[in-house]
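S.K.: Using only what follows, build the 3D model:
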Amino acid sequence: MKLIILDRDGVINEDSDAYVKSVAEWIPLPGAIKAIARLCRAGWSVAVATNQSGLARGYFSPATLEAMHAELQRLVAEQGGHIELIEHCPHGPDDACDCRKPLAGMFRRIAAHYQLADLSGVPVVGDSLRDLQAGLTLNAEPYLVKTGKGLHTLEKPLPPGTQVFTDLAAVADHLLDARQ
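M.R.: Take a look at the predicted model:
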């Protein structure tokens, strides 16, 4: 199975320090939707793992989050793809959950969904260190994109083996060239 796990804000869509709080504020990054669809058409299963503490903070409702994800699915479907699984952490930083990245709860749920013991060989694409750390807990391959907070993340020490790409489209190019 070819599985890839993507962070959402800063990888698929524009990120905001004020939080993405509505469908109108959910703006795909250039090339990201087409990159997801290209991976799907090439046989990849695409999952998303996203911290959404805006829920705990009351910035948006579960229905609004669902509407954002429905828009994501609609746009990907228009390009011939499908995101099979979207996991989100609704908790705030002080809620003591096991799913908020850099913790690995969402990644464990994704692995269980696909009946995998761990995520060895699975690319985890993120724009922050915590995205990569969560995937590494289950032996995933860390891929950093320079979109979102990626350039700021590059200023920090990265986990060994981290591959760095301009954006999600460049990740798709790499994977489709390397693993076909």
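
S.K.: low-confidence ranges in this protein?
M.R.: 178-180 (pLDDT under 70).

S.K.: Output the longest helix belonging to it.
M.R.: Longest helix in the chain, counting residues (DSSP state H): helix 62-78.

S.K.: Can you give the distance of it from its chain's centre?
M.R.: Computed by Cα atoms, centre = their mean, to the nearest Å, the chain-centroid distance of helix 62-78 equals 14 Å.

S.K.: With stretch 151-170 instead?
M.R.: Worked out by Cα atoms, centre = their mean, stretch 151-170 lies 14 Å from the chain centre.

S.K.: Just the residues contacting it, thanks.
M.R.: Residues from elsewhere that reach stretch 151-170, judged by Cβ atoms under 8 Å, 6 or more residues apart in numbering: 6, 11-12, 29-32, 34-36, 125, 127-129, 132-133, 136, 141-147, 171, 174. Heads up, the C-betas are built off the backbone N, CA and C, glycines and all.

S.K.: These, buried ones only, as a ChimeraX selection?
M.R.: Filtering those down to the buried ones (16 or more other Cβ atoms under 10 Å) takes a single ChimeraX command:
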select :6,11,12,29,31,32,34,35,36,125,127,128,129,132,133,136,141,142,143,144,145,146,147,171
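
S.K.: Counting by contacts, list what the helix or strand following the longest helix of the chain packs against.
M.R.: Next helix or strand after helix 62-78 toward the C-terminus (DSSP states H and E): strand 83-89. When contacts are defined as 3 or more Cβ pairs under 8 Å, 6 or more residues apart in numbering; DSSP states H and E, strand 83-89 sits against strand 44-51, helix 62-78, helix 105-113.
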